[in-house]
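# 3D model of this:
(4 chains, ligands or ions: 4)
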Amino acid sequence: MSRKISYVQAFNEAVRQEMRADETVFCAGEDIGGFGGVFQTYAGLQEEFGEERVVDTPISEQAIIGLGVGAAATGSRPIVDIMFMDFICVAFDQIVNQAAKMKYMFGGSATVPLTITTGGGGGLSAAAQHSQSLEALICHIPGLKVVHPSNPYDMKGLMTACIREDNPTIMIKHKRLLGMQGEVPEEPYMIPLGTAATLREGADVTVVAWGRMVNEAFDVAEKLAEDGIDVEVIDPRTLQPLDSETIVESVRKTNRAVIVHEAVRFAGLGAEVAAQIQEEAFDYLDAPVARVAAPFSPVPFTPALEQHYQPSAARIEQAIRDIVARPGA
Amino acid sequence: MSRKISYVQAFNEAVRQEMRADETVFCAGEDIGGFGGVFQTYAGLQEEFGEERVVDTPISEQAIIGLGVGAAATGSRPIVDIMFMDFICVAFDQIVNQAAKMKYMFGGSATVPLTITTGGGGGLSAAAQHSQSLEALICHIPGLKVVHPSNPYDMKGLMTACIREDNPTIMIKHKRLLGMQGEVPEEPYMIPLGTAATLREGADVTVVAWGRMVNEAFDVAEKLAEDGIDVEVIDPRTLQPLDSETIVESVRKTNRAVIVHEAVRFAGLGAEVAAQIQEEAFDYLDAPVARVAAPFSPVPFTPALEQHYQPSAARIEQAIRDIVARPGA
Amino acid sequence: MELSTDVLTDMHRRMVRIRLFEEAAGKLAEAAKLPGFLHLYVGQEAVASGVCTALTDQDQITSTHRGHGHLVAKGGEFKPMMAELMGKATGYNKGKGGSMHISNLDVGMLGANGIVGAGAPIAVGAGFGNKLKGNGNVAAAFFGDGSTNIGAFHEAANMACALKLPVLFICENNEYGEFTARDKTMAITDIVDRAAGYGMPGVIVDGMDVVAIHEATIEAKNRAVRGEGPSLIEAKTYRFYNHHGVQNLGLKYRTDDEVAEWKQRDPIFTFEDRMIDAGTATRDDFDGVWAELRADIDEAIQFAEDSPVPDVDQLLVDVYTEMPAGATS
Amino acid sequence: MELSTDVLTDMHRRMVRIRLFEEAAGKLAEAAKLPGFLHLYVGQEAVASGVCTALTDQDQITSTHRGHGHLVAKGGEFKPMMAELMGKATGYNKGKGGSMHISNLDVGMLGANGIVGAGAPIAVGAGFGNKLKGNGNVAAAFFGDGSTNIGAFHEAANMACALKLPVLFICENNEYGEFTARDKTMAITDIVDRAAGYGMPGVIVDGMDVVAIHEATIEAKNRAVRGEGPSLIEAKTYRFYNHHGVQNLGLKYRTDDEVAEWKQRDPIFTFEDRMIDAGTATRDDFDGVWAELRADIDEAIQFAEDSPVPDVDQLLVDVYTEMPAGATS
Ligand SMILES: Cc1ncc(C[n+]2csc(CCOP(=O)(O)OP(=O)(O)O)c2C)c(N)n1
Ligand SMILES: Cc1ncc(C[n+]2csc(CCOP(=O)(O)OP(=O)(O)O)c2C)c(N)n1
Ligand SMILES: [Mg+2]
Ligand SMILES: [Mg+2]
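Ligands and ions are numbered 1, 2, ... in the order given. This next block holds a predicted model:
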C-alpha cells in the first residue's frame, strides 16, 4: 500500500464506503450537504448519495443528536455531525441522557448504532468556544464510545468501526490534523474499538498521548532517543473503552509514565490514566505518573498565549526528562 | 450553639439572610416561587421577597442559566436553580461556554457573581436521568467553582460563600441529605471556598470523600477504630478549587489513601485526586491510592440494583481494609 | 368522520385500561410498594387513546415523564408494565428504567423520558428513519404544555418541518407544569399559536373527547403520509391527580373547584354516556369491560409482586451491546 | 417620526465606521495579519446602526459571531477593537477573546458570541436585571435567521415574554446560515412568524433602511420601558462577503446575481442618496466623514500593530477574579 491521502479524505472515504455498503447509513449535520462540511469532511457525499441521505440540518444541535438517536433506535445507522466539539455542550442532554443511556434504561431492548462526529482541539486561534478538547466529559458517561485518531490510517479504520458499531460512538476529528497525509488502504478496514497502538517501543518510560499530541510526543521520543532515552509511545486511539491493559503492561516494563493531552489537566482524562496506572502498576513505578496538559483556563484567543497554553514539544520533553531523571524507588 | 436545623433549612436560611442583606440578590428557577422548589429549598422566600425577586421560570434551563449570566454581568447577584443535577446537561452550553468563560474571554472586564444550585446524587430509585453525580464534568471547566456540602453546617457556610462569591459557583445539594439535622448558627457565616475539613484525624489511612459519602466514610472510620484502624477522614467540601494541600499533607502523614464518591469511577473526580496524590506524595505512598465509586453504567432504577451500584459502607470498609493490609513499600 | 363500533370500543377499552392501570399504580405508590417517582395520567386518557387508535404498531411514539398512559394506549401490556414499576426483572425494562423510562419498542413506544422535551427530537429521528425507508409510518411525539418552553421541543418542531418529516406533535395542555400555572411561564394561552412559527398546521381539540382527538390525528397522519410534513395537535386536558403521586397534598396551586369542574368532564364517563345515548353500547357492555380489565390488573399486580428482582449480575448488562473489557472498572 | 439631523448624521457615521472597520479587517485577514476566524458585517450596517442609535450607553446588547458591527454601532472604539482582532494586550479583551468574543461592558456590549443563539438568554438576564433595578434600560439581543432554529433562542424569547422583560429581539435575516439557505432549514419565510408563538409583537423592516430600523426600535423600546414586554424586529438584510473571511471562494451557495442585486441596495450609499436628495446633507459632508474615519482606521491599525501581545504571565489571569491556589495545576 503506497497511496497517501489526508486525514479528512480518510474520514470521507470511510463514510463513503460504508454508505455504499449499507443503505441504512445516512449523514446529517450543519452545512455538510451542499457545502461538504466546514472542514470538508463530508465533501462530495451529497452528490453521490442525494439529499435524502446527506442532509443539511438547521442549526439545532439537540435535534441533530435526537435525529440520530431516534433513527438509530428504529433501524437506521446515522452519522450526525456537531461542527465543533465545543458545541456538544449545546446538545449535551441528548448525548449524555438520551443516546448514552437508552439501551440500559430500556433493559437492553433498544440498540443505538449512532455515530457522532465532531472537530476537536485547539491551535487555530479559534478562542475559548471553538478550541476545546472535552473528551474527559464524554468518557465519564457510560454507554458512549469515544475515538480520537491521530493519523489518516487510524482515522479510516476507526471511523469504519464506529459506523459499524452497534453502540453510540463519538468520533473526534482533530482540527489541526485535517490535512495530515498518510498511507491508507483503499479497501474498507476496521480498527477494533478499544485497542491501543504502540507506536514506538522503548524501555525507559511510557508516554501515553492522544490526538495531535501523539505526533508531538512521537517526535520528542525520536529526539530523546539520540540522547539515549528510550521512550515507548502509546496512542490509545479509542478513549472509551480505554485499552488499559496495553498501557499498564507497558508501564510494568518501563516503570515510568508520562501522559500528554491537549485538554485541561484538572479532571482531564489523563487523571484517569494516571489513577489506573498507579492502581495497577504501583509496585513497578519508579516515579510518579506525570501529566502534560493545558493549564486551568479557557483557551485564549491570541497566539501569543495559546502557544503557551497548548502542551509543546519542549514541555513534553522536559516532563519526560524529569521523570526519567527521578531516582527510582 | 445548640440549634439544630436541617440541610434544606440551612440552605434556605443562607439564601434568606443574603437576600435580606443584599437587594441585588434574586432567585429564579422552576417551581421555586409559589411552591418553594420541589425539594422545598426555596420555601417561603417568595412570601418574604415577592415575585420580583423569587421567580418561577418556564421549563427552560438554558434561559435560566442565561438569565443568571446576563443579570450577574450587569450588576445583580443571581441564584438560579436547576432542579436535578442531571438537567445541567440541558443547559450545559450556558454553564460551560458562557458563565464559566465570560470573564476570561472578556479580558477580565466582566464579573459574573452567579450561583447555580442543583440537586445531585442517587439512592432514591429516581433512575438514570434523576440520580447522577456529575461533579467531574463541571470541575473540569476553568472558571467555575463547585461546592457539595455533606451536612447542614457546611451547607449554610458554603451557600453563603457562594452567594457572596464574585465568580460563578455551582452548589450541589445532595438529595438524600435534605432532611439531615445538624447544629447551625443563626447568624450568617462563610466557609471559605477551597478549604477542606478534616472530620477525623487518623494515622493509618486518609479517606477523601464528598457529599453523602462523607457520612458513610465517617461511620466506617468510627467502626474501624474499634479494630485499631485509625482513619483520617477529609471532606473537601469545595470540589473546585480543590484543597489539594490538605489532602496531600494528610497522605504524607498516613501514607495511604482511599477516595470515595458516588459518581462513576471512570474519569470521575476521584481520578484527579488520586493522580494528584501520587504526583505530590509519591515517596510517601505505601500502597496505591484506591477508589470506591460507582461502576460503569447508568444508574439503574430498581433498588435491587441501585443498592449495589452505590458505594456502600461495606465496600468502603473493604477498600480501606485492603489498602491498610497491603504491605508497605 | 363516521367511526366504526370496533374503533369506538377500542378507544374505550384503551382509556379504561389506562385508568385502571394508573389507579392501581397510585394505590401501590400510596402503599409504598413502588419505588421512585410516579406521574399519573388519570384525566388525560382520551389523548393517548385517541391518538394511538389512529396509529399502527409500526408507527412510533415518544413520551414524557407521564408515560404509562401512552404505553398502555400504544398496546403495552399490564404485566410487564406493572413489573417495571416495581423494579422487577420481568418488567419491560428489566427493572432498570422504571416509571420514567418505561418503553416497549415492539409496539413502537420509544420510552417515557425523564427529561422534559427530550422525546420530541427522538420522534423526529424516528420520523426521519421512516421517510428514508419509505415505510409509510409516522412518529408521534407526546409532550406537555410546559415542555413547549424548552429548546429541544423547538428544535424538533422546526427540524421536522424543515425536512418535511412524517411526525405528529401532540401537546397535552393540562395548564400546569408541576406546580406552576401556564400563565406564569408563557404569555400565550394556546400552544397551537406556536405552530405557525414552524410552518405547520395546528389545531386545538377537546382533550376530553377521544373521538375529536382521534379524528385530528387521522388527518395529521394522512398529511404526514402524503409527504406534507408534521402537524401540531393541542389537546386541552387536565390531570386529576397531583403532578407526581396521587394526593394534591393540600397544595394551593390549583383550586378544588377547578379540579372538580374538570372531573365533571371525565373523558371516559362522558364517552360512555355518549355511546349509550347513541345506542352504540349499553351500560352492561361497559361494566363488562371494566370488570374484565379489573381482573387483568389484579392479575398483573400479582404477577409483578411474584416476579423476582433482577440479579446483581445484571448491573452491568446492557450498558453496551457487549461490555468492553476496559469499561467495567 | 421626524428624525433630527443629528440623529441622521449619527446613524450615517455609525454605518460608515462599521463599513470601514470591516473592510480594513477583511484586508488584514487577507494579508494573514489577523489570527482566527473573521465574520464580517458588511452589508448589514443599517441594522446595528438603526438599533443602537435608539439605545443609550446604559442599554445593553448581546451579539453573535458576527459582532464587530454591533460593537462599533454601540460605541466601540477602533483602537481597542483592532488591537483585539490582532490579539494584542491593548485590545478590549486583552487579546483573550478575539473577533468572536469582542466586548465592551462600558458601552453595554455583552460580547460577540461563538455559540449560535447563546447571546439571547444573556440579554434576557440583562433585561431582568434592568427590571429588578427599575433603571429603565433595555437589553437588545441581535441574532441571525439561522440562530432562530436553536433552542436557546426559543427559551430566551419565551422567558422574556413570560416575565415581561424589557428586551428587544433583533433578527438579522440575511437568508443564510453559513453556506446553507434559509429554506433548507426552516419551512417559513419570515422569522417574524415566530413572534406570535411567544406572545410578542413582531415587525418586518427593510434591513437596508437604517431609518426604518431605528423607528421600529424606538417603538419596541418604548413598549419595553412601559413594562409591556419584548418585541421582535426582523430586519431583511444581506451580508456582502462570505460567511467568514472575505472571498466567496467561488462557492455556489448563492449566485453572483443575487449578491449584485443586494449590493445595489447598499445601506450606506442608498442612505446618502436619500439624505442628499432631501437636502439634509451634501456629498461633500459625506466625503468628509469618510475621510475623517478613514484616518481613524489607519491610526487604529497602526495602534494595533504597534501594540504588544500579552505577556505569558497573563495566561492564567482573569479565569477568576482571583486565581485560587488549588486551581492553577
Ligand atoms: C429538563 C427538565 N427540566 C425540569 C424537569 C422537572 N419536571 C418534570 S415534569 C415537569 C413539568 C412538565 O410540565 P408539562 O410539560 O406541562 O407536563 P405535565 O407534567 O403537565 O404532564 C418538570 C418541570 C425535567 N424532568 N426535565
Ligand atoms: C451552536 C452552534 N452551532 C453551529 C455554529 C457554527 N456557526 C457559526 S455561524 C453559523 C451560521 C449562523 O447563521 P445566522 O444565525 O443566520 O447568522 P449569520 O452568520 O447569517 O449572520 C453557524 C452554523 C456555532 N457557532 N454554534
Ligand atoms: Mg402540563
Ligand atoms: Mg443568517
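# any chance you could map the helices in the chain?
If you meant another chain, say so; for now it's chain A. Ranges of helices in chain A, per DSSP state H, are A:7-21, A:45-49, A:61-73, A:92-93, A:102-105, A:135-139, A:152-164, A:212-226, A:244-254, A:269-280, A:303-309, A:313-325.
# if you could check chain C rather than the one you did, that'd help
Secondary structure of chain C (DSSP H): helices at C:5-30, C:45-52, C:68-74, C:78-85, C:119-133, C:151-162, C:182-185, C:210-225, C:256-264, C:267-277, C:283-306.
# for the fifth one, packing partners?
Going back to what we said before, that points to helix C:119-133. Using 3 or more Cβ pairs under 8 Å, 6 or more residues apart in numbering or on different chains; DSSP states H and E, the elements in contact with helix C:119-133 are helix A:61-73, strand C:60-62, strand C:139-144, helix C:151-162, strand C:167-173. Every residue, glycine included, has its C-beta placed from N, CA and C.
# please name the nearest non-neighbouring residue to residue 224.
The chain I'm using is chain A. A:Val231 (5.6 Å; Cβ to Cβ, 6 or more residues apart in numbering or on different chains).
# looking at chain C here, not the other one
Using Cβ to Cβ, 6+ apart and skipping residues adjacent in sequence, the residue nearest C:Ala224 is C:Pro166, 3.9 Å away.
# and that neighbour, how far from ligand 4?
C:Pro166 is 28 Å from ligand 4, where distance means Cβ to the ion, to the nearest Å.
# doesn't C:Asn130 make contact with that residue?
Yes - shown here, C:Pro166 and C:Asn130 form a contact pair, counting by Cβ atoms under 8 Å, at 5.3 Å.
# shared neighbours, these two?
Residues within reach of C:Pro166 and of C:Asn130 at once, by Cβ atoms under 8 Å, 6 or more residues apart in numbering or on different chains, are C:137-139.
# and which of these is nearest to A:Thr206?
C:Ala139 (49.6 Å; Cβ to Cβ).
# ok, that closest one - how many residues close by?
Other residues near C:Ala139 come to 32 when the count uses other Cβ atoms under 10 Å in any protein chain shown.
# give me every residue that touches it.
By Cβ under 8 Å, 6+ apart, the contact set of C:Ala139 is A:70, C:59-62, C:123-124, C:126-127, C:130, C:165-168.
# so what's it bridging to?
In this entry, C:Ala139 is beta-bridged to C:Gln60, C:Val167, by DSSP bridges.
# distance check, it against C:Ser103.
Going from C:Ala139 to C:Ser103 by Cβ to Cβ, to the nearest Å gives 14 Å.
# next: C:Tyr92.
6 Å.
# identify the contacts common to those two.
In contact with both C:Tyr92 and C:Ser103: A:106, A:109, C:71, using Cβ under 8 Å, 6+ apart.
# what's the spacing between the closest residue to chain C within the stretch 151-300 of chain A and B:Glu232?
As assessed by Cβ to the nearest Cβ, chain C sits closest to A:Pro241 within the stretch 151-300 of chain A, at 3.7 Å. A:Pro241 sits 34 Å away from B:Glu232, going by Cβ to Cβ.
# do A:Gln17 as well
Taking Cβ to Cβ as the measure, A:Gln17 falls 58 Å from B:Glu232.
# neighbour-wise, which of the two wins?
Using other Cβ under 10 Å as the criterion, A:Gln17 and B:Glu232 rank with B:Glu232 on top: 22 against 19.
# that one - nearest residue in space that isn't next to it in sequence?
Nearest non-adjacent residue to B:Glu232, counting by Cβ to Cβ, 6+ apart: B:Gly202, 3.7 Å away.
# picking that back up, how about the helices of chain C in JSON lines, adding mean neighbour count and mean pLDDT?
Below are those laid out as JSON lines (neighbours: other Cβ atoms under 10 Å in any protein chain shown; pLDDT from 0 to 100):
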{"stretch": "helix C:5-30", "mean neighbour count": "20", "mean pLDDT": "97"}
{"stretch": "helix C:45-52", "mean neighbour count": "31", "mean pLDDT": "98"}
{"stretch": "helix C:68-74", "mean neighbour count": "29", "mean pLDDT": "98"}
{"stretch": "helix C:78-85", "mean neighbour count": "26", "mean pLDDT": "98"}
{"stretch": "helix C:119-133", "mean neighbour count": "29", "mean pLDDT": "98"}
{"stretch": "helix C:151-162", "mean neighbour count": "31", "mean pLDDT": "98"}
{"stretch": "helix C:182-185", "mean neighbour count": "19", "mean pLDDT": "96"}
{"stretch": "helix C:210-225", "mean neighbour count": "21", "mean pLDDT": "98"}
{"stretch": "helix C:256-264", "mean neighbour count": "12", "mean pLDDT": "94"}
{"stretch": "helix C:267-277", "mean neighbour count": "18", "mean pLDDT": "98"}
{"stretch": "helix C:283-306", "mean neighbour count": "15", "mean pLDDT": "98"}
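# where does the stretch 101-250 of chain C get nearest to ligand 1, residue-wise?
Using Cβ to the nearest ligand atom, the single residue of the stretch 101-250 of chain C nearest to ligand 1 is C:Gly144, 2.3 Å away.
# I should have written chain A there, sorry.
For chain A, Cβ to the nearest ligand atom, closest residue to ligand 1: A:Asp93, 7.1 Å.
# distance of the closest residue to that residue other than its chain neighbours from A:Thr118?
Computed as Cβ to Cβ, 6+ apart, the closest residue to A:Asp93 that is not its neighbour in sequence is B:Cys89, at 4.1 Å. Distance of B:Cys89 to A:Thr118, given as Cβ to Cβ: 16 Å.
# same check on A:His140?
According to Cβ to Cβ, A:His140 and A:Thr118 sit 17 Å apart.
# so which of these two has more stuff around it?
The residue with more neighbours, out of A:His140 and A:Thr118, is A:His140; 26 against 22, by other Cβ under 10 Å.
# who's in contact with the residue lying closest to the more buried one once chain neighbours are set aside?
Spatial nearest neighbour of A:His140, chain neighbours left out: B:Ala267 (4.0 Å); criterion: Cβ to Cβ, 6+ apart. Counting by Cβ under 8 Å, 6+ apart, B:Ala267 touches A:136, A:139-140, A:267, A:269, A:271-272, B:136.
# try 7 Å
For B:Ala267, the contact set (Cβ atoms under 7 Å, 6 or more residues apart in numbering or on different chains) comprises A:136, A:139-140, A:269, A:272, B:136.
# so what's A:Ser131 scoring on pLDDT?
At A:Ser131, the model reports a pLDDT of 98.
# try the one 10 residues further on
Listed pLDDT for A:Ile141 reads 98.
# residues near A:Arg164, how many?
Counted by other Cβ under 10 Å, the residues lying close to A:Arg164 total 18.
# so what's the residue nearest to it when sequence neighbours are not counted up against?
In this structure, A:Arg164 finds its nearest non-sequential neighbour in A:Met190, 6.6 Å apart by Cβ to Cβ, 6+ apart. Shown in contact with A:Met190 (Cβ under 7 Å, 6+ apart): A:157, A:160-161, A:164.
# what's the closest of the residues you listed to ligand 4?
For the contacts of A:Met190, the minimum distance to ligand 4 (Cβ to the ion) is 35.5 Å, reached by A:Thr160.
# quick one: the residue nearest the centre of chain A and ligand 3, what's the gap?
Centroid check for chain A by Cα atoms, centre = their mean gives A:His148 as the closest residue, at 1.5 Å. Using Cβ to the ion, A:His148 is found at 42 Å from ligand 3.
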